[in-house]
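>>> no sequence on hand, only this structure:
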């Protein structure tokens, strides 16, 4: 049997967090792990919400913070105190359904941990429809296609399909075969403590966006594969954080678009490359 640490990042979504925790405790992890722990790393903590959660789930470790500290810093705080051999990092808007096959993803990582560094499940929406969560690395055209009206053109659509590895992902889901990808969305990631210690913590210079891209790139730089594992399924309440207007107007109006582009530029500066 193995030891597992589950890290949940949360920012003022107590109802989603309750659902997430409920799904974990109903999953009966005792069948597979002789030790498991849940660490909630909370941003913008509201005291009575913290009390509600810890009263309902007294077994968890709750790390409060008054301010919104961002994803990277929230994960890092929890990573430093984990006791498990395997680390599952999820957002609070993730649900692990009873038929998730989570153990199979852990087994795959266990059997391939010399070559596989990071692995992620197939994510679906509440209605069961597919959610793209594995990608190729960005280039300037990808940013244009995703964040401006250019994405609505035929060429823009083609670029977006290539970015989300549409053809390969659909095939991977049909065959249930793992697929090597460039990077995985940070909403649900599994790694081992040993490998994570080699790679290092998330880069806290990224407050929002690109911290997951950067981490995956660092895994690959150290010779590890990043794997999409469709046999394991998790539900993700992912919502589009911004409605795109397109072009320069969107850059000035949408805080999310602005943050996304500025984070990409920061990432390009760090890696000395636009690709």
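Yep, it's here. Quick caveat, the model's predicted, so the values are computed rather than measured.

>>> tell me the helix or strand right after the lowest-mean-pLDDT helix or strand in the chain.
Among the helices and strands of the chain, helix 247-253 carries the lowest confidence by mean pLDDT, DSSP states H and E, at a mean of 49. Following helix 247-253 in sequence order, the next helix or strand is helix 255-271 (DSSP states H and E).

>>> show me what that following helix is packed against.
The helices and strands touching helix 255-271, judged by 3 or more C-beta pairs under 8 Å, 6 or more residues apart in numbering; DSSP states H and E, are helix 140-147, helix 211-221, helix 247-253. Where you see a C-beta, it was placed from the backbone N, CA and C, and this is true even at glycine.

>>> for that helix, buried residues please.
Neighbour-count burial for helix 255-271, counted by 16 or more other C-beta atoms under 10 Å, picks out 256, 257, 259, 260, 261, 263, 264, 266, 267, 268.

>>> tell me which of these is nearest to residue 91?
Sorting those by how near they are to residue 91, with C-beta to C-beta, puts residue 256 at the top with 16.0 Å.

>>> if we can go back for a sec, check the buried residues of helix 255-271 and tell me the two furthest apart.
So, the buried residues of helix 255-271 by C-beta to C-beta: farthest apart are 256 and 268, at 18.7 Å.

>>> can you tell me the closest non-neighbouring residue to residue 259?
Taking C-beta to C-beta, 6 or more residues apart in numbering, and ignoring the residues beside it in sequence, residue 259 has residue 208 as its nearest neighbour in space, at 5.2 Å.

>>> helix or strand for that neighbour, which one?
Using DSSP H and E, no helix or strand contains residue 208.

>>> for it, give me its contacts.
With contact set as C-beta atoms under 8 Å, 6 or more residues apart in numbering, residue 208 has these partners: 70, 71, 259, 263.

>>> tell me which of the residues you listed has the lowest pLDDT.
Lowest pLDDT among those: residue 259, with 88.

>>> distance of that one relative to residue 76?
19 Å (C-beta to C-beta, to the nearest Å).

>>> ok, residue 210 next?
Counting by C-beta to C-beta, the gap between residue 210 and residue 76 amounts to 15 Å.

>>> which of these two has more neighbours?
Ranked by neighbour count (other C-beta atoms under 10 Å), residue 210 and residue 76 place residue 210 first, with 26 against 19.

>>> for residue 134, what are its contacts?
For residue 134, the contacting residues are 120, 164, 165, 169, 179, 181, 183, 184, 185, 228, by C-beta under 8 Å, 6+ apart.

>>> what of residue 191?
Counting by C-beta under 8 Å, 6+ apart, residue 191 touches 86, 87, 89, 109, 117, 118, 119, 219.
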